Structure formats: C-alpha cells, structure tokens
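> How does the following fold in three dimensions:
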Amino acid sequence: MPYSLDYIYGAISPTFTVFHEDGRLDDDGQRRFVDFLLQDNAISAYFVRSGMGLMYTFSMEDTLQIARNMCAHLKGIRPVLVGCSGIWDRNYDKRPDPDLYLQQGIKLGNETLEMGAAAAVYTIPEALVPKEGQSHQDLIETYFTTLCAQVNGPVMVYQPPGTRKEYEIAPEVLRRLTALPNFVAGKFSTSEGYYAYELQRAVRGCDFRYIVGNETMLYIGVMLGSRACIGQGAIINPQMLNALVDRYLTGNHAGVLAAQDAINNLLKPNIHAVEFLKRYATEKGFDTPLYSRSQKTNPYASDRAAMTEGEYQNFKKLYELEMQAFR
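All right, here's what the predicted structure looks like:
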C-alpha cells in the first residue's frame, strides 16, 4: 500500500462544526473545540465536513476554510480527513449538475490534500442519477474510478446513515474499487449485520481499511477485521472505542463486551450529541458556541430540538459515570 494508514485505528472523530451566530464558520471556536478534544489523546484522526458536522450545509469556500484551519492547527499532531464531495444539500428534488458536482469534488480533493489533509473523503453519489442504461452500481463504480484517477492522493468512501437502498454500494463493486491504488478506506454507516458482513468479506485480503460507521456494530467489525470507527461515540466517548479494539487484539473478549455495553449505554438516551459536547467543552474551559445552521427548508432534513437543562444534566451524570472505567 503506497500510503501510510496506521492512523486508521480506534476512534476517528466525526468532528462537529463550530459556527458564528450568522452561520459563518467560527475558526477560533473550531480550534478551541478541537483543543478540548485533544486533551485526552484518544482520537486518532479528525474528519471535518463530516455528517455530524452538517456537511450538507457546506459551500466550496466553507470546505476549503475548515480544511485550511484544521490542517494548520493539527499539523504534526493528528491527521485530518476532509469531506470533499461536490456541493449538494441532500434535497433529492434538487440534484446538482452532475459534471459540476464531479469537478467540484476533484477540485476540493486536490486542494485540501495540498493543504496537508491525510485523505479526501467522498460520500456515495446520491446526488447523481444514473444515465439511461446505467445501473446505480455502475454509477457508483464509474464515479469513484473517475475521482481516483484525478485526485492526487488517498481517497475514502463514506456511505452515510440513511443512504437510499439503491445507492448502497454492492460488495462486489467495493472489492473491484479496492484495486485502485488510492482508494484506501471507507466508512459504512450500517447496522445491518448481513450487509456489513458481506462488505467486510468482500475486502478481506485487500489493501483497504474498512471503518465501522455505527459504533453499535464495532464488536462485530473488529471480529471481521476492522480496527477503526467513525461515529458519535468516536467524538463523545473515544476511549471506549479504543478500549474495545485494544481488548479484542489482546484476546480479552469479556472486556470487548463490557466496552460495547458502555458504548450502547451512552447511545440509548438519544441525546443531541453535538449540543451536549459543545456545552461540555465550554463547561471545561473551552468556549464553544452552540450556534448551528438550519436545514428546515429542505424537505429531506430537519433541525434537532435544543437540549433542556434537565436533559443535559441527566446525560452528563450518565456520561461521567460510564466514562470512569475508561479514563
């Protein structure tokens, strides 16, 4: 494998985006928030313009701005992965021009890699519609083949939560794509056991790193060969994810289950994870504004209700209790 991918281990943060009140990116706030995350030395890499970072609200300029900010801030400290798909808000009624979308992705990939990003990350191309006579799987394979030919560095695939069934990558397509020298890794957000098994079976023995995209599946993922996860827990409670992987590799299977139990316990309340962690960071001395961007004009998206004080305090109590065994 021509690229160093040793950092793809344990928790990779789906980094939350920090905004000003008017919706602009807050560079200073972003750095403070990441400094809060760096304290515990538990996150192996930082994925910006991520799903939990409101990637569908980003412009070209936003993407380059956050990449420039984070690549400089984390240089020599941790790798930065950048979401580089073309611009689309995930409104299926208003898809972008396909050629423009592709060219935007190529431009963002090359420019962010030049800034020092470790990899350019691209979502499954739900923004595109198959041409006449072309299947969805043909579309996916052609899209990533074209990207990999024109992006000058490591490319990762990201299949987000809620990907429409017809756009879910087929195992055989994923395996063929692994033959491309710079198609190096992928995050797959699925909780479907059979599908996850077949994807990981397809890449068995390939120069490709499978990243679990739903931490409820991490115990299964490590058994099938994965060593990393990008999910809510990878930024909220990364120590638990790291412990699970470490324990599996040392044969501590009871410890694996204990870690997975704790991971699941923090997911059960279904809290507003972004707001919780920003509030918690501020409480710990790293001022992180709670401003966000609304997606309510998109019929396929919605805004999350703010946490009540009671919800925040109740989850904080659970969080600190569960984390005690992993600090």
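> what about the strands in the stretch 151-300 of the chain?
In the stretch 151-300 of the chain, strands defined by DSSP state E, counting those that start in this stretch lie at 155-159, 183-188, 209-212, 228-229, listed in chain order.
> List of residues touching the first one?
Read that as strand 155-159. By CB atoms under 8 Å, 6 or more residues apart in numbering, the list of residues contacting strand 155-159 from outside reads 51, 81, 83, 109, 119-124, 144, 147-148, 168-169, 174, 177, 180, 182-190, 211, 213. Just so you know, the C-beta spots here come from the backbone N, C-alpha and C atoms, and that holds for glycine as well.
> what's the answer for the last one, then?
The set of residues that contact strand 228-229 without belonging to it, under CB under 8 Å, 6+ apart, is 8-12, 44, 209, 211-213, 215, 218, 221, 241, 245.
> Considering these, which possesses the most neighbours?
Across these, neighbour numbers were computed from other CB atoms under 10 Å; Leu241 holds the maximum, 33 neighbours.
> Quick check: that residue touching Leu218?
Yes: taking contacts as CB atoms under 8 Å, Leu241 lies within contact range of Leu218: 6.3 Å.
> where do the contact lists of the two overlap?
With CB under 8 Å, 6+ apart, Leu241 and Leu218 have common neighbours 229, 263.
> So Ser191 versus Leu267, what's the distance?
The spacing between Ser191 and Leu267, counted by CB to CB, to the nearest Å, is 11 Å.
> tell me the average confidence for stretch 24-38?
Across stretch 24-38, pLDDT averages out at 99.
> returning to what we had before: between Ser191 and Leu267, which has more neighbouring residues?
Set side by side, Ser191 and Leu267 show unequal neighbour counts under other CB under 10 Å, the larger going to Leu267 at 17 against 13.
> Please list all residues in contact with the more buried one.
Contacts for Leu267 were tallied using CB under 8 Å, 6+ apart; they are 215-216, 232-233.
> Would you map the helices across the stretch 51-200 of the chain?
When secondary structure is read from DSSP state H, counting those that start in this stretch, the stretch 51-200 of the chain shows helices at 60-73, 98-115, 136-150, 171-177, 193-202.
> how about CSV for those helices, with distance to Gly162, mean neighbour count and mean pLDDT added?
Below are the helices of the stretch 51-200 of the chain laid out as CSV (distance: least, CB to CB, whole Å; neighbours: other CB atoms under 10 Å; pLDDT from 0 to 100):
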stretch, distance to Gly162, mean neighbour count, mean pLDDT
helix 60-73, 21, 19, 99
helix 98-115, 19, 19, 99
helix 136-150, 16, 18, 99
helix 171-177, 19, 18, 99
helix 193-202, 14, 16, 98
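> can you put those helices in CSV and add distance to His272?
What follows is the helices of the stretch 51-200 of the chain, written out as CSV (distance: least, CB to CB, whole Å):
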stretch, distance to His272
helix 60-73, 21
helix 98-115, 29
helix 136-150, 32
helix 171-177, 33
helix 193-202, 27
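> right, so of the ones you listed, which gets closest to Leu277?
Nearest to Leu277, of all the helices of the stretch 51-200 of the chain, is helix 60-73, at 16.7 Å by CB to CB.
> For that closest one, name the packing helices and strands.
Based on contacts counted as 3 or more CB pairs under 8 Å, 6 or more residues apart in numbering; DSSP states H and E, the elements that helix 60-73 packs against are helix 27-38, strand 45-48, strand 80-83, helix 98-115.
> run the last query once more with 6 Å
Using 3 or more CB pairs under 6 Å, 6 or more residues apart in numbering; DSSP states H and E, the elements in contact with helix 60-73 are helix 27-38, strand 80-83, helix 98-115.
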